[in-house]
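*Asks:* Any chance you can model this:
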Amino acid sequence: MEKLLSYPISFIYYVFFGLTLVVFHPIQWICFNLFGYKAHKLSVDALQFCLMRCANILGTRFTFNNPHSIPTDRPLIIVANHQSLYDISPIMWFMRKHHTKFISKIELGKGIPSVSYNLRHGGSVLIDRKNPRQSLPAIMKFGEYIENTKRAAVIFPEGTRSKDGTPKPFQTKGLEIMFKKVPSALIVPISINNSWKMQRYGQFPMGLGTHIKFTVHKPLELATFDDKQVLIKTVEQTVKTHIHP
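*Replies:* Alright, predicted model coming up:
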């Protein structure tokens, strides 16, 4: 019954979702080209807020639990599990004062209104996962950018989304590079629950009444870990212990 009800509601959702992307694309262009990074950043923040409101049409709720006072004058490496595309907007919105940037697959850099433009111009990095000659130098340059600007890099080390919420093993190469290139970073683990339920039936119809929960864990000082593999294991255990498929 829920799936049957979801068809008309999902149609309405996608109409508003698509309109939001189309409307914000020229807004981003104007902000970036006429007023620069700060104006573009504000437009991207507003986009994330509106995308979350679109998800409310489906009965989606967001809880972002962050009891920690995380400084804004330090570079961050945010490490989270990955369950769906609906992980992204809440992280960008609730962590917006940290200027979150992403390591994204190169295919997302074109063809998607608003999203592709922000990935190309907002400070994120696009990598070809099948081409180490492109991806590794790109991640290195991205790490230097995060270190110099004191912004926040968001990494999903599982590599691919978990379709049922069950966490996958962390792939460590990207983290190792970021640790080397952002030596002054704070590492911020985040556990994400339930966002996979948004696409429990696939792309259409959407899941209804999902309560997506984000838990921000205590930041870790990168510099205090001589053995970075110990740090990776600590972060992975912290994230996964609080995932409830």
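*Asks:* if I look at residue 114, how far off is residue 199?
*Replies:* Between residue 114 and residue 199 the computed distance is 20 Å (C-beta to C-beta, to the nearest Å). C-beta: built from backbone N, CA, C; applies to glycine.
*Asks:* Pick out whichever of those two has more residues nearby.
*Replies:* Neighbour tally, residue 114 and residue 199, criterion other C-beta atoms under 10 Å: the higher count belongs to residue 114, 22 against 19.
*Asks:* these two touch, right, that one and residue 21?
*Replies:* Yes: using C-beta atoms under 8 Å, residue 114 is in contact with residue 21, at 4.4 Å.
*Asks:* where do the contact lists of the two overlap?
*Replies:* Listed as contacting both residue 114 and residue 21 by C-beta atoms under 8 Å, 6 or more residues apart in numbering are residue 47.
*Asks:* So for the longest helix anywhere in the chain, what gets flagged as buried?
*Replies:* Ranked by residue count, the top helix of the chain under DSSP state H comes out as helix 2-30. Going by neighbour count (16 or more other C-beta atoms under 10 Å), the buried part of helix 2-30 is 6, 10, 13, 14, 16, 17, 20, 21, 24, 25, 27, 28.
*Asks:* and the fifth one, how far is that from residue 45?
*Replies:* Distance of residue 16 to residue 45, given as C-beta to C-beta: 18 Å.
*Asks:* Report the contact partners of the most centrally placed residue in the chain.
*Replies:* In the chain, the C-alpha nearest the mean C-alpha coordinate belongs to residue 88, at 3.5 Å (C-alpha atoms, centre = their mean). If you count contacts by C-beta under 8 Å, 6+ apart, residue 88 has them with residue 102.
*Asks:* How much space separates it from residue 224?
*Replies:* Counting by C-beta to C-beta, the gap from residue 88 to residue 224 is 29 Å.
*Asks:* Alpha carbons of stretch 187-202, as CSV, please.
*Replies:* Extracted in CSV, the C-alpha atoms of stretch 187-202 (Å, rounded to 0.1, in the frame of the first residue of the first chain):
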residue,chain,number,x,y,z
ILE,A,187,39.1,14.4,11.6
VAL,A,188,35.3,14.4,12.1
PRO,A,189,33.6,11.0,11.9
ILE,A,190,29.9,11.0,11.0
SER,A,191,27.5,8.1,11.1
ILE,A,192,24.5,8.2,8.8
ASN,A,193,21.4,6.0,9.3
ASN,A,194,18.3,5.4,7.1
SER,A,195,19.0,7.5,4.0
TRP,A,196,19.1,4.2,2.0
LYS,A,197,15.4,3.9,2.7
MET,A,198,14.7,6.9,0.4
GLN,A,199,15.5,4.6,-2.5
ARG,A,200,14.3,1.3,-1.1
TYR,A,201,12.3,0.8,-4.3
GLY,A,202,14.9,2.3,-6.6
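*Asks:* All set now, cheers.
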